[in-house]
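Asker: Sharing a model that was predicted from the sequence below.
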Amino acid sequence: MSPSDQVLGTSVEAGGATGGDWVLHPDRALPAEPGVRALAREILSAVSDLPIVSMHGHVPVEWFVENGSFGNPAELLVVPDHYLVRMLVSQGATPAELGVPTRTGSGVTAEADPREIWRRFCAGWHLFRGTPTRFWMETELVDIFGVTQRPSAETADAIYDRIQAVVDSPDFRPRALLDTFGIEVVSTTDPAWSDLAQHHRLAAEGLGDRVLPTFRPDAVLTLTSPTWIADVARLGEAAGVDTGSYAGYLEALRLQRERFKAAGARATDHGLATTDTTPLSDAEATRLYADALAGRVTPEGSTAFAGHMMFQMAAMAAEDHLVMQIHPGVLRDHDPAIAAAYGPDKGYDIPLAIEFAHGLRPLLNAFGHHPGFRAIAFTIDEDTYSRELAPLAGVYPGLKLGAPWWFLDAPDAMRRYREAVTETAGFFNTTGFVDDTRAFCSIPARHDLARRIDAGYLARLVTEHRLDLDEAVDTATYLAYRGPLEAYAELAS
Amino acid sequence: MSPSDQVLGTSVEAGGATGGDWVLHPDRALPAEPGVRALAREILSAVSDLPIVSMHGHVPVEWFVENGSFGNPAELLVVPDHYLVRMLVSQGATPAELGVPTRTGSGVTAEADPREIWRRFCAGWHLFRGTPTRFWMETELVDIFGVTQRPSAETADAIYDRIQAVVDSPDFRPRALLDTFGIEVVSTTDPAWSDLAQHHRLAAEGLGDRVLPTFRPDAVLTLTSPTWIADVARLGEAAGVDTGSYAGYLEALRLQRERFKAAGARATDHGLATTDTTPLSDAEATRLYADALAGRVTPEGSTAFAGHMMFQMAAMAAEDHLVMQIHPGVLRDHDPAIAAAYGPDKGYDIPLAIEFAHGLRPLLNAFGHHPGFRAIAFTIDEDTYSRELAPLAGVYPGLKLGAPWWFLDAPDAMRRYREAVTETAGFFNTTGFVDDTRAFCSIPARHDLARRIDAGYLARLVTEHRLDLDEAVDTATYLAYRGPLEAYAELAS
Amino acid sequence: MSPSDQVLGTSVEAGGATGGDWVLHPDRALPAEPGVRALAREILSAVSDLPIVSMHGHVPVEWFVENGSFGNPAELLVVPDHYLVRMLVSQGATPAELGVPTRTGSGVTAEADPREIWRRFCAGWHLFRGTPTRFWMETELVDIFGVTQRPSAETADAIYDRIQAVVDSPDFRPRALLDTFGIEVVSTTDPAWSDLAQHHRLAAEGLGDRVLPTFRPDAVLTLTSPTWIADVARLGEAAGVDTGSYAGYLEALRLQRERFKAAGARATDHGLATTDTTPLSDAEATRLYADALAGRVTPEGSTAFAGHMMFQMAAMAAEDHLVMQIHPGVLRDHDPAIAAAYGPDKGYDIPLAIEFAHGLRPLLNAFGHHPGFRAIAFTIDEDTYSRELAPLAGVYPGLKLGAPWWFLDAPDAMRRYREAVTETAGFFNTTGFVDDTRAFCSIPARHDLARRIDAGYLARLVTEHRLDLDEAVDTATYLAYRGPLEAYAELAS
């Protein structure tokens, strides 16, 4: 069989030019070398059916409470997916043309016809070649929706109709999909002032162990945030504490953390711009807080206060044992005109060079050996993997490395992650994959891809006689399932 | 067949120790794994005969105007090739010994005997093992000059004679070689004050669409340049505008850009030290300009003015639609003694860590969505690929990623480029290979190598079932040919 | 044979779950692809028996002088190995539990039972999966100690007894092991004030060419070091010069360098925090020195003085021709509580982002072309490989690149090193592997691993027709043996 024949075989299976059915190849994303691939397949088979533990994500809790229909293909698959929208925007589409809701007064109107949005996506299918969006979407379209044709301008309408039919089925509801997708537990992200009413409703309906809240205080830690004064007031109301003083503010945070924990939360989530964790004196923190309430805030003061509060969050974590997720280093909303027209978080967040060794030093010196403390660090600056993060996680018991995250949850990037961190931090100082997505239907595909890449990496170690097969299989199950469970498990005090 | 036999087979073909003829293996630089290699060969076959589009390079326009002989092997292949000279210098040769022209008064005399220079290169052949120079030179020697022996002290003279015979042939002239090499279009680099007389001569002789000028204003944007005052005067003369004022200076730049565009230019070229693009107030820019003309300039003022002028260049680009090539982050002339003896750009340019997210923000906020604007960013700091450049190019329609450039146009570095940028920016936000060289005879070899690496990368994606073969072939033709054509095509306003 | 059978075969050999004997696979750490592997095996066979040249390490000279017993398995293999201790600490053990000696008054007591320490290591064997510790230790246990079982809680005692029996054998002494391990020459690290009495004793006993001192002046170059005043006094005493003045201090350094050289030293060793090499005026240096002696020192002054002294060290090197090893960029003793309890250098050293292009510029401008000068740069910030180090070493004859060092002397990291530096700096501007370890028994395993990785890299180049086999074999012998010998050989003045 000529290579061309081999490929046409592949191509036929994958719905290529020759037009056969579009099916998923069992070896997708496994290493090319046949010996390594065979081992990878064997390792993968041990983990591919394990439940999904999704401890860091952004699926809205309302979806599970309301348990309603997902609407239409555009609303479900295009509009909420930043990866997808940003790629089409980079090639000339506007977010509005892709249905991204606009702000009142922006003068821009979002496309109202979901079919038109879907057509724009399908016509741009070639743009996703080589990206994870291509992999995830292919998996979703085939596995979840039974699509049999490669997306294109020509096939857009037929695919739309096929997806719509599935979406309209009564089984295609968020709660049922937890079972369909094999999701054992999923975490949402909730503001520090949340009353967690939605989570309580879920708990009352028996989903309390399955959909967990996560405490995200960024907004109330950032003095320069335009909504900071309102947000700390909301925090005070939620906690039933007057946040008019710094002491009250700390107390409110402490009480809300307790409330989150009681509602099942396992973790807090911190996405500040820098890694600084230097504590201030109580007097200095009190002064900065009072000044901010009075509307007097400088960028330097805000940065210092944020670093101080990261230290306070760690101190509280050492007491209440909520796991501290740290993912710094993003320049949010790089284009202010886009933010003005569409609001924040519209795909214009750009990674920055980041520093961990000095930044986390105060926090790690104080709590890095505390038996009740655990921090998990994520980064989108790959340079820090082998230079700072693996060396830090490879010695401090209180620091673990999160998954290859955001922009880096792609096949080659995930491989580079393992290659860069394992030799210094091992496997057991990493915490397994998290999907970090609000694209609900992509969750199984994302975990599947991560498991394939880890299987491939482990298979290579076995082939290079750096690991035995039984160890590889055990490690794969740790990375796919035990790791995230253990990383977010309650710590003994 | 034992591995040794296999290798000796290879070695014989490649003129190894067993002394057979030195020929080029058809699979050179393709991936090792046989399945991937077979696919790579198939993908490569679709692009290996496509014309060369060389939109960023440094071949002197005079060569095409004069269309004379290239002289001798040393003058043609050694002296103008920085990669080659710097490696021999790193092992103890002086630039003078390799024929690099010296400055009057330097007290150093360049080797005058081209055969002696050639011998030094051949005796150092082993130093290039594993470098792209080895690959390019091997391709050139075999393909262009019909050399059949591996270079060494022993074979130097015979190879010299062989090359000289080819160089002396009447067909071996710059214009004819455009056809021989399959070069459809080649860009030169020209100072902002050029009258483009040479390009007009070429146009008159029918080469106007084939050899294009590029507008390079670095010298007149850098207040601290020792020749800045003279250079802005030259700019004024060329444009017929008095550059004694900031307004006149802007007008002169605008007029010269127009003149370049009328002469066929598609792009401007910017190689400043930093990425800053922050505009100043008109008053501040006027003041800095006047001060500089009066000889009062500070490093801070010069840096601020350069950033401001990058913003102005972008503003002009949005009007005249010349593509803006940005390649910052090089510490030029690291050794001042070498610069004093030989002049600038003698292989002592060293990459620096660079930052794009903040630096390009003013420019991208202002023009990144402008339909008449396109910037292409190049870097030699690989760390920025996945961290900043791919995320930026993956969302701003006005920013594309240039080729792996300078130091990074080597096999493994080009692979890393695709692996680092594709998953976030895709293929179609990259603009295809440019050779960026003044080593004219290496142009086909450089493009050939880039096509091989891209074919290998695409073949791996196909083998991993992340891409179908028809898509890989289409993508390869984009990267090799359509990409650079489209990237530098006239933008609609 | 199914992949599972293949693996079980492997697994049996490696003492996997099926419980067979634990032996070393001849292809360990060679590339997975069978064609490349076969070539790698052939290249490796040419170098695997070459003597070990270990020009940068930390084995205490006392071991060779005393030539005593290594005590017990914990003392020999666990306590002195930072890699090993830090991994177990990251998973909850304390250094004391692993036998790391504590400081008086620390209130912590080190585990006194070596068997208990060994059990803790064996019980944590799985933590080392994918790390170089796993590879080295496996090699040592099988090759040196004849262990036939994979370490675990269950096998710990039997393995302990087996190792103890070997350690107790009269042949298992440092000097004899130099032969057993095939170590041709090994360098120790010695403070600037050493009287080298131990080395003189070794010389008198015929080991003068085999165990060489290395001059390490960090402590006396760092004004902020808490022991600086005492250390410069010690330096003065050793040199017989009054270091009460800056001039005397320089003279003492010069004399001690001479003494080291006379005792066989080939190199100096510099591990400062930054790369700065900017010389100060003599007056400024004199002032900073006098101030420091008077107890007045600022961090800025100390940093400036250290940069100045690096320049002075280079100036002396250009005269006495000791090779200057530079390995900056480490944040030492990240956790002060650990340093207080156990002393410095206990696995809490964390790499920092580092800059070479500006930092080394003064030094390279002054001495980079001096025929009597050679510097070798090491880094643990991989980002600098292709961006700064390879470009600098690829042009300055006085600068070579050291081995992938500390944290990066692991299989994938060593591969990345070759891939990142070779294309710009070639092979012959790199100096071959150094082990940089005080874990004496790991030296053969570390060199063996480095040779395997280099063989694999070279085999890939041959398979990709980028190198001929005879060249690959010659290069491998350079990297394994000739390289370090030449790099540290006496330079002609």
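Answerer: Great, that's in hand. Numbering: from 1, shown residues only, chains lettered A, B, ... in the order given.
Asker: what sits against the spatially most central residue of chain A?
Answerer: Central residue of chain A (C-alpha atoms, centre = their mean): A:Asp436, 1.1 Å from the mean position. By C-beta atoms under 8 Å, 6 or more residues apart in numbering or on different chains, the residues touching A:Asp436 are A:His56, A:Gly57, A:His58, A:Ala403, A:Trp405, A:Trp406, A:Asp409. Quick note: C-beta positions are derived from backbone N, CA and C, even for glycine.
Asker: got a list of what the closest residue to A:Arg216 other than its chain neighbours touches?
Answerer: Nearest residue to A:Arg216, sequence neighbours excluded (C-beta to C-beta, 6 or more residues apart in numbering or on different chains): A:Asp269, at 4.4 Å. By C-beta under 8 Å, 6+ apart, the contact list for A:Asp269 reads A:His56, A:Thr189, A:Thr214, A:Phe215, A:Arg216, A:Asp218, A:Gln325, A:His327.
Asker: Try it again at 10 Å.
Answerer: A:56, A:58, A:187, A:189-190, A:214-218, A:322-327, A:376, A:378, A:436 (C-beta atoms under 10 Å, 6 or more residues apart in numbering or on different chains).
Asker: swap in A:Thr286?
Answerer: So A:Thr286 contacts A:Ser245, A:Tyr246, A:Ala247, A:Tyr249, A:Leu280 (C-beta under 10 Å, 6+ apart).
Asker: Please report phi then psi for the second one.
Answerer: Pointing back at A:Tyr246 there. phi -60, psi -40 (degrees, to the nearest 10).
Asker: what's the spacing between it and B:Leu76?
Answerer: For A:Tyr246, the distance to B:Leu76 equals 74 Å [C-beta to C-beta, to the nearest Å].
Asker: Can you show me the strands along the stretch 101-250 of chain A?
Answerer: Along the stretch 101-250 of chain A, counting by DSSP state E, counting those that start in this stretch, strands occupy A:183-187, A:190-191, A:211-212, A:215-216.
Asker: Output the ones you listed as CSV; include the columns mean pLDDT.
Answerer: Below are the strands of the stretch 101-250 of chain A laid out as CSV (pLDDT from 0 to 100):
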stretch, mean pLDDT
strand A:183-187, 97
strand A:190-191, 97
strand A:211-212, 98
strand A:215-216, 98
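Asker: Pick the most deeply packed of the ones you listed.
Answerer: Neighbour counts (mean count of other C-beta atoms under 10 Å in any protein chain shown) averaged over each of those peak at strand A:215-216, with a mean of 26.
Asker: which secondary structure elements does that one contact?
Answerer: The contact analysis (3 or more C-beta pairs under 10 Å, 6 or more residues apart in numbering or on different chains; DSSP states H and E) places strand A:215-216 against strand A:190-191, helix A:246-262, strand A:267-270, helix A:299-320, strand A:323-326.
Asker: Which residues are in contact with the residue of the stretch 201-350 of chain A found nearest chain C?
Answerer: Nearest to chain C in the stretch 201-350 of chain A, going by C-beta to the nearest C-beta, is A:Thr275, at a distance of 12.5 Å. Applying C-beta under 10 Å, 6+ apart to A:Thr275 gives the contacts A:307, A:310, A:326, A:328-329, A:354-361, A:363, A:377, A:379, A:384, A:388.
Asker: got it, and A:Val395?
Answerer: So A:Val395 contacts A:364, A:368, A:424-425, A:429, C:82, C:85-90, C:334-335, C:338, C:346-350 (C-beta under 10 Å, 6+ apart).
Asker: does A:Gly483 really touch A:Val53, like I thought?
Answerer: Yes - under the criterion of C-beta atoms under 10 Å, A:Gly483 makes contact with A:Val53 at 8.4 Å.
Asker: which residues are common contacts for these two?
Answerer: Joint contacts of A:Gly483 and A:Val53 (C-beta under 10 Å, 6+ apart) are A:Gly432, A:Phe433.
Asker: Quick one: neighbours of A:Lys346, just the number.
Answerer: Counted with other C-beta atoms under 10 Å in any protein chain shown, the neighbours of A:Lys346 add up to 20.
Asker: quick check, it in a helix?
Answerer: No - A:Lys346 sits outside any helix when classified using DSSP: H, G, I helix; E, B strand; the rest coil, being coil.
Asker: Please look at it and A:Pro336 and confirm they touch.
Answerer: No - assessed by C-beta under 10 Å, A:Lys346 is found out of contact with A:Pro336, at 11.4 Å.
Asker: overlap in contacts of these two?
Answerer: Going by C-beta under 10 Å, 6+ apart, no residue sits against A:Lys346 while also sitting against A:Pro336.
Asker: before we move on, the earlier item: between the contacts of A:Asp436, which has the most around it?
Answerer: Counting by other C-beta under 10 Å, top hit in the contacts of A:Asp436: A:His56 with 27 neighbours.
Asker: Helix, strand or coil: sort out it for me.
Answerer: coil.
Asker: for chain C, what are the nearby residues on the stretch 1-150 of chain A?
Answerer: Contact residues, the stretch 1-150 of chain A versus chain C (C-beta under 10 Å from any C-beta of the partner chain): A:31-43.
Asker: Report the buried members of those residues.
Answerer: A:31-43 (16 or more other C-beta atoms under 10 Å in any protein chain shown).
Asker: for chain A, which spans come out with low pLDDT?
Answerer: A:1-20, A:492-493 (pLDDT under 70).
Asker: tell me the domain ranges of it?
Answerer: A:1-25, A:26-70+A:170-487, A:71-169 (automatic domain parsing).
Asker: just to revisit the earlier point, only whichever of the contacts of A:Thr286 are buried, select them in PyMOL.
Answerer: Listed next is the PyMOL selection for buried residues among these, using 16+ other C-beta under 10 Å:
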select buried, chain A and resi 246+249+280
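Asker: quick check, nearest of the contacts of A:Thr286 to chain B?
Answerer: Looking across the contacts of A:Thr286 and measuring by C-beta to the nearest C-beta, the closest to chain B is A:Leu280, at 26.3 Å.
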